[in-house]
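Enquirer: coordinates for the following, if possible.
(one chain, ligands or ions: 2)
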Amino acid sequence: MKIFNAAQIQALDKETVSNQYISSFKLMERATTKVFEKLQTRYKLYQTSFVIFCGTGNNGGDGLTLARLLKEGGAMVKVFLVQTKKYSPDNAQNQDLLEDRDINVEKFNTKSKLKVKKDDVIVDALFGIGLHSPLDEEWRPIFDFLNETPCLERVSIDMPSGLLADVTTPIEAIVFKADVVYTFQLPKTALLLSDAKEYVKELEILDIGLDLDYIESTKSDAYFVEQEKVRNLVKSGTKFSSKDDFGRVILIGGSKGKIGAMTLASKAAMNTGSGIVTTYVPNCGYTILQTAIPEVMCDTCAGEDYIKVFPSVEHYDAVGVGCGLGLHKDTATALVTFLKDNKDKKLVIDADALNIISEQKCLDKVPVESILTPHEKELKRLIGEWDNDFDKIDKVKQLAKKHNVIFVLKGAHTITIAPDETIYFNSSGNWGMATAGVGDTLTGMITSLLGQGYTSKEAAIVGVYLHGLAGDIAIENIHPHSLVASDLGKNISSAYNQIAL
Ligand SMILES: NC(=O)C1=CN([C@@H]2O[C@H](COP(=O)(O)OP(=O)(O)OC[C@H]3O[C@@H](n4cnc5c(N)ncnc54)[C@H](OP(=O)(O)O)[C@@H]3O)[C@@H](O)[C@H]2O)[C@@H](O)CC1
Ligand SMILES: [K+]
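Expert: Ligands and ions are numbered 1, 2, ... in the order given. Next comes the predicted model:
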């Protein structure tokens, strides 16, 4: 699914109205009906009272439409409407339709005293994608009230008001803190970034039937990766496949006390479908690995507790480096030599291998089309501080382009950034996955896919999605708090099955 900026969405809105021969009023009704249907399943309408805050534009128009639909659905509804001289035409038309409906509509300004009861649902329909700059300070008392007053839940239509869709919103800006945001048709970049975590606790994208031809023909560099995209990329075996067809991969890493990372990565590589997985660990890991995973071959180096020499990787289709590797200076020297000696080998680089690359300042030695999978701290060591998420993405984009490598920035919507400056936000996964070893599992999975013949970009996109989906399937039976990295490995098979459906 493409991600559009606000201007592109507004153009899409116009194209839809023109190509589908409908009025913008009808489109608003269609969009809001989708929100209404969501609220209908979220709450028992006849027992719930909604206080809807409406702005002066079409976001406010959605709020007014919703008020009518909720009232018809049996809910109690109260509307606060921003006082102004000029409302958008669809907003004004929906105001007219509220007359004689026994809905209390109260006009307010930034100095007004508002009232919400503790079991009301607050609906924020103040500003949507028409917001052109951060809100003025005069709005602070209103938003402080909306964000702090006790209520049942906070719902935003399209955008949490105050959040800009496709450029950064300053940290101190005034923004509504939504429990759930129902956004129309396509996600907006700001909704997917961790900077917005306080404002978007849950996100749902509602298909409102906007013009598909326009979406198809409009260029975008950013995508939201969903199941359908991954389904089209996943390869399957044939009756005559042999283990050689599924790639031979090697995972290099481990140090005393961190062999578990290699166990997780190797097991995940097997479960993702590699024909043959070899692990290369220091001596202390040999018995552990051979006992833990009979399917994996184990090779060791001269070092007892850490890796002193890297192996030859000539005969492998893909190489994963870094899980549990440690930062011993001999390991660091060996890694730098390894990078220099294997310029033509695409690598998956994670954890301490990334930390060593930062310390040794040798990103330029990383083979082209390698995949780097840093979490936030590892990324900071690589690129330094950033001002905000948009700045972070820009910096990584430049680096990916300069070195011709892929970055996988692990997080809530793990972001894959390719050297051609395309960006992929992942849609699968859950908070239970914020636990040790989950990154090692991902490294094993991506390495496996690379070994199976996926391009680097595909391996990253598919690996990240599959990994998140395995986590989502795991929490069907395990509480997110109790999820551990091994649960992901166990559910890769179910994730494949679900994608194939
Ligand atoms: N996409 C779709 O297909 C569909 C979209 N739909 C809905 O339309 C919404 C977009 O509506 P929209 O364009 O009318 O803009 P909206 O967000 O209501 O705000 C406009 C008002 O805010 C004002 N304003 C702006 N910045 C400001 C600031 N910093 N501080 C103060 N004021 C500021 C601005 O003022 P002005 O720019 O005129 O000076 C204007 O008065 C979209 O989010 C979705 O909910 C659905 O109905 C149907 C399908
Ligand atoms: K809103």
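
Enquirer: residues in contact with the closest residue to ligand 1 within the stretch 401-501 of the chain?
Expert: In the stretch 401-501 of the chain, the residue found nearest to ligand 1 is residue 425; the distance is 19.1 Å by Cβ to the nearest ligand atom. Just so you know, the C-beta spots here come from the backbone N, C-alpha and C atoms, and that holds for glycine as well. Neighbouring residues of residue 425 by Cβ atoms under 8 Å, 6 or more residues apart in numbering: 3, 187, 189, 192, 222, 223, 224, 225, 413, 414, 415.

Enquirer: for the residues you listed, pick the one with the most neighbours.
Expert: residue 414 (26 neighbours; other Cβ atoms under 10 Å).

Enquirer: quick one: it from ligand 2, how far?
Expert: 26 Å (Cβ to the ion, to the nearest Å).

Enquirer: ditto for residue 481
Expert: Residue 481 is 32 Å from ligand 2, by Cβ to the ion.

Enquirer: report how many residues lie close to the residue lying closest to that residue once chain neighbours are set aside.
Expert: Spatial nearest neighbour of residue 481, chain neighbours left out: residue 432 (6.7 Å); criterion: Cβ to Cβ, 6 or more residues apart in numbering. Residues lying near residue 432 (other Cβ under 10 Å) number 20.

Enquirer: so who does residue 432 touch?
Expert: 471, 474, 475, 478, 479, 480, 481, 482, 483.

Enquirer: which among these gets closest to ligand 2?
Expert: residue 480 (28.1 Å; Cβ to the ion).

Enquirer: which residues of the stretch 251-400 of the chain fall in helices?
Expert: 259-272, 286-292, 329-341, 351-359, 376-383, 389-403 (DSSP state H, counting those that start in this stretch).

Enquirer: counting contacts, what elements does the longest one pack onto?
Expert: When you say that, I think you mean helix 389-403. In terms of contacts (3 or more Cβ pairs under 8 Å, 6 or more residues apart in numbering; DSSP states H and E), helix 389-403 is packed against helix 376-383, strand 406-409, strand 415-417.

Enquirer: what mean pLDDT does it have?
Expert: Averaged over helix 389-403, pLDDT sits at 97.

Enquirer: any idea how far the closest residue to residue 2 other than its chain neighbours is from ligand 2?
Expert: Excluding the flanking residues, the one nearest residue 2 by Cβ to Cβ, 6+ apart is residue 220, at 4.3 Å. From residue 220 over to ligand 2 the distance is 23 Å, taken as Cβ to the ion.

Enquirer: check what pLDDT residue 220 gets.
Expert: Predicted confidence (pLDDT) for residue 220: 96.

Enquirer: show me what contacts it?
Expert: Under the criterion of Cβ under 8 Å, 6+ apart, the neighbours of residue 220 are 2, 3, 4, 8.

Enquirer: going by neighbour count, which of those residues comes out on top?
Expert: residue 4 leads the contacts of residue 220 on contacts (other Cβ under 10 Å) with 26 neighbours.

Enquirer: need the three-state assignment for it.
Expert: With DSSP: H, G, I helix; E, B strand; the rest coil as the basis, residue 4 sits in coil.

Enquirer: is it in contact with residue 218, as I believe?
Expert: Yes. Taking contacts as Cβ atoms under 8 Å, residue 4 lies within contact range of residue 218: 7.0 Å.

Enquirer: what do those two both touch?
Expert: Both residue 4 and residue 218 are contacted by residue 12, under the criterion Cβ under 8 Å, 6+ apart.

Enquirer: count of neighbours near the closest residue to ligand 1 within the stretch 201-350 of the chain?
Expert: Proximity to ligand 1, evaluated over the stretch 201-350 of the chain using Cβ to the nearest ligand atom, is greatest for residue 210 at 5.5 Å. Using other Cβ under 10 Å, residue 210 has 22 other residues around it.

Enquirer: contacting residues around it?
Expert: So residue 210 contacts 12, 13, 15, 16, 184, 185, 186 (Cβ under 8 Å, 6+ apart).
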